[in-house]
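Peer 1: here is my input; please provide its structure:
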Amino acid sequence: MDSLDLPRGRALRVLQITDTHLYGDDGRLAGVDTEATCRAVVDAVRYQRTPADLLLLTGDVIHDGAERPESAYRDAKRQFDALGVPGLVIPGNHDDATRLARTFAAGNVQQRDALLAGDWLCIMLDSSLPDAVSGHVSAGQLQRLDDCLSAHPDRHALVCLHHQPVPVGCGWIDQLGLQNSDELFAVLDRHASVRAVVWGHVHQEYDGWRNGVRLLASPSTCVQFHPDSDDFRIDPRPPGYRWFELRPDGALSTEVIRLSDVPAGLDLGLPGY
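Peer 2: Modelled structure (predicted):
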């Protein structure tokens, strides 16, 4: 089990960045220069008074990853490694999982299954499927999750994946979430150490509870999806990211921080993507 050289008994400051949808060229998503908005988020993070102990990248690092040159992933990695923070990354449905794994095999930000950090255990699940928008966690990963939680009952667990395991109240994207949520929760329900489940994919903020476990989604660093919308609809709110303070007793506090401006060129009338 990999671990960070962090003492137990102090709070951890964790940063979640998700759904950057980088192109590696001059491509735009809904009229937005995703490279520019990602840089703006990274710059905002750099100016935080308290630096992060750990970075979580929860998928869709690249937009249409299989169609992008390998350099797109390398550029993304350089940008996130430059924060100087240890990090974990998982693929989303827009990523090429093989390219992502190859690019993030070393350095500050890596694709790893799990990490011990102080009093906490962070577990990363790959919910992406080839040529599919919705997600699935394989039987092998569910077994690994169960084994990992069983091996470290003295650590509070934060579980991360790309796809939402519960409806977020947005009809069209809730049809494209995790398809085997019952199997995931069957494992999580066996372990009292699980404190939170965190994901991306939905391009909007979500904060809920299930059986005493906090359920959290974060805004994208580029284009937002309008909450509580049955059909596809762009939300004019600015890009954002999420901070966590993970305390030694298992409690956590969290805050979504958004940039001050709506991205230039945002196409609010886009019928889908």
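
Peer 1: who's in contact with residue 94?
Peer 2: Counting by CB atoms under 8 Å, 6 or more residues apart in numbering, residue 94 makes contact with 21, 59, 60, 62, 63, 64, 65. The C-beta positions use only the backbone N, C-alpha and C, and glycine is treated the same way.

Peer 1: of the residues you listed, closest to residue 216?
Peer 2: residue 59 (14.4 Å; CB to CB).

Peer 1: residue 167 versus the closest residue to the closest one other than its chain neighbours, what's the distance?
Peer 2: Among residues not flanking residue 59 along the chain, residue 92 sits closest, at 2.7 Å (CB to CB, 6 or more residues apart in numbering). Applying CB to CB, to the nearest Å, the value for residue 92 to residue 167 is 18 Å.

Peer 1: which ones are touching residue 192?
Peer 2: residue 153.

Peer 1: meant to ask about residue 83, not that
Peer 2: By CB under 8 Å, 6+ apart, the neighbours of residue 83 are 42, 45, 46, 52, 55, 108.

Peer 1: nearest to residue 143, of those residues?
Peer 2: residue 55 (26.9 Å).

Peer 1: in a strand, that closest one, correct?
Peer 2: Yes - counting by DSSP: H, G, I helix; E, B strand; the rest coil, residue 55 is found in a strand.

Peer 1: beta partners of the closest residue to it other than its chain neighbours?
Peer 2: Nearest residue to residue 55 in three dimensions, chain neighbours excluded: residue 87, at 3.4 Å (CB to CB, 6+ apart). Beta bridges link residue 87 to residue 55, residue 109 when assigned by DSSP bridges.

Peer 1: would you confirm that residue 87 contacts residue 80?
Peer 2: Yes - counting by CB atoms under 8 Å, residue 87 does reach residue 80; the two are 6.2 Å apart.

Peer 1: nearest residue to the middle of this protein?
Peer 2: residue 58 (2.1 Å; CA atoms, centre = their mean).

Peer 1: just want the phi and psi numbers for it.
Peer 2: phi -110, psi 40 (degrees, to the nearest 10).

Peer 1: check the one 3 residues further on too.
Peer 2: Torsion angles at residue 61 (phi, psi; degrees, to the nearest 10) stand at phi -60, psi -40.

Peer 1: tell me who's in contact with it.
Peer 2: 20, 22, 73, 76, 89, 91, 92, 95, 100.

Peer 1: and if you look at residue 92?
Peer 2: Taking CB under 8 Å, 6+ apart as the criterion, residue 92 is in contact with 19, 58, 59, 60, 61, 128, 162, 163, 200, 201.

Peer 1: show me how far the helix or strand bottoming out on mean pLDDT in the chain is from its chain's centre.
Peer 2: Lowest on mean pLDDT, DSSP states H and E among the helices and strands of the chain sits helix 70-81, with a mean of 91. Counting by CA atoms, centre = their mean, to the nearest Å, helix 70-81 is centred 17 Å from the centre of its parent chain.

Peer 1: residue 271: neighbouring residues, count only.
Peer 2: 9 (other CB atoms under 10 Å).

Peer 1: which of the helices or strands spans the closest residue to it other than its chain neighbours?
Peer 2: Excluding the flanking residues, the one nearest residue 271 by CB to CB, 6+ apart is residue 232, at 6.7 Å. Using DSSP states H and E, residue 232 falls within no helix or strand.

Peer 1: so residue 232 touches residue 170, yeah?
Peer 2: No - Residue 232 is not in contact with residue 170 according to CB under 8 Å; the separation is 9.3 Å.

Peer 1: ok, so of the contacts of residue 94, who is nearest residue 262?
Peer 2: Of the contacts of residue 94, the one sitting nearest to residue 262 (CB to CB) turns out to be residue 21, at 16.4 Å.
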